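# Okay, predicted coordinates and the sequence, questions at the end:
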Amino acid sequence: MTEQTYRNLFDRAGPSRTLVEDTLAAERTTARRRVPVRRLAAAVLCLAVVLGAVNYQALAAGVQWMVRYFTGVGASQSPVMVVSEADQWTEGDWLCQLDGVSQGEYLLLELYLVSPEEEAHQLATRSLRVYADGVLLEQGDQVYSEWIPHAESVCQGQPWVPLSSLDWGPELAWREEGYRSRVHMPFLYKLPEEMPTELTYELLDLEGGGSRTGSLTLTPVEAQAARSDSRDFAEGTVTALVSEDGRQLSVYAHQEETADGLLLTGASLFHHQVTFIGASGARYPDAGEGFRSYTSGHVNVQLAAAPDWVEEPIVAVEIGALQLVYEHDTWWDGLGGGMVRAQDATTYGDLNWVISLE
């Protein structure tokens, strides 16, 4: 599956309530207990039989790949980190914001440019260099880490999108403040083995010239949570964390292989399937303004928030539905057929998953 296809499943899709409810009605699946298992030894033995007598270097490379594959590429050993406070600034009439998350060995930063004008038929081009302890981070794959002109007459960049077409995320607040369009740019990087907490960056405007430098602080998402709860599905484990005041929800998938050979790569929330429950018993569905979907081929962290106008204390959060994206082995009947790795999605409804603060 290509990165574009993956992002079409998850990234900023904002499916309508009708579409979500129709999907939930069509696909009712019961979660069952996940049994983690490591089949690394047997797999390495098979690989040695195939490659050992032929090419020692190929065997070594294959073993390294298998270790990374069967251990979830390190994702389960490293915490999910979030940018503690988004960096915001202005460029003329534009509002600019940089924030993001890390999961496992990958860092996903998202740059927003927000304009009070429509900015039709325009493309934005930026380059973002990120440093940990003064060392430039390696750019990750699957998400472009630079938006740059690739030919003299053709510009590769991100288009401006009208805010009127978006019904969730920070765009809702920006629209109320009078802004009319925005550009969203994802930047993916590989992190060093020793997880950094302080980052510096240099943002270059490749079209208009100029640059900006700044810093970002990464904090483990668990450090901001008062309650943590995990649920096991056939595809793997999903963890939900709720902040001390109950007004923030974070959800992410454990990228580990199951006994059935499934590898869960992401868990997606539907914002109108997240409900914040007040001390009075009143239920407040996520209105969308606090909803964030940080998604790439390696990172998938979902955030939701109680509506700003809710004054009473929040005592619980309920998740009604999730969509899980996972990898699995399947048979390919085409030319040179055989077992191939494919990606698919399934939706769980009627979860009644309640995380209580009491």
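In hand now; what should we look at?
# Leaving out sequence neighbours, find the closest residue to residue 198.
Once flanking residues are discounted, residue 198 sits nearest to residue 217: 5.9 Å by Cβ to Cβ, 6 or more residues apart in numbering. The way it works is simple: take the backbone N, C-alpha and C, and place the C-beta from them, glycine included.
# now the one you found: how far from residue 186?
20 Å (Cβ to Cβ, to the nearest Å).
# of those two, who's got more company?
Neighbours around residue 217 and residue 186, counted as other Cβ atoms under 10 Å, are more numerous at residue 186. The numbers are 23 against 14.
# what's the pLDDT at the more buried one?
If you check residue 186, the pLDDT there is 86.
# Can you name the helix or strand that it falls in?
Using DSSP states H and E, residue 186 falls within strand 181-190.
# Please apply the same query to residue 204.
strand 198-205.
# re the thing from before, quick check, the residue nearest to residue 198 in contact with residue 85.
Yes - under the criterion of Cβ atoms under 8 Å, residue 217 makes contact with residue 85 at 7.2 Å.
# still on that earlier bit, partner strands of the strand holding residue 204, with direction?
strand 126-132 (antiparallel), strand 211-220 (antiparallel) (DSSP bridges).
# Mind listing what's buried along the longest one?
Translated: strand 211-220. 212, 216, 218 (16 or more other Cβ atoms under 10 Å).
# any chance of the residues you listed in CSV, plus pLDDT and distance to residue 115?
Shown next, in CSV, are the buried residues of strand 211-220 (pLDDT from 0 to 100; distance: Cβ to Cβ, whole Å):
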residue, pLDDT, distance to residue 115
212, 90, 17
216, 95, 23
218, 92, 29
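# mind checking how far the residue lying closest to residue 207 once chain neighbours are set aside is from residue 183?
Sequence neighbours aside, residue 125 is the residue nearest to residue 207 in space, at 4.7 Å (criterion: Cβ to Cβ, 6+ apart). According to Cβ to Cβ, residue 125 stands 10 Å off from residue 183.
# shared neighbours, the two?
residue 158 (Cβ atoms under 8 Å, 6 or more residues apart in numbering).
# out of the two, which sits in the more crowded spot?
In this view residue 125 and residue 183 are compared by other Cβ under 10 Å, and residue 183 has more residues nearby, 23 against 19.
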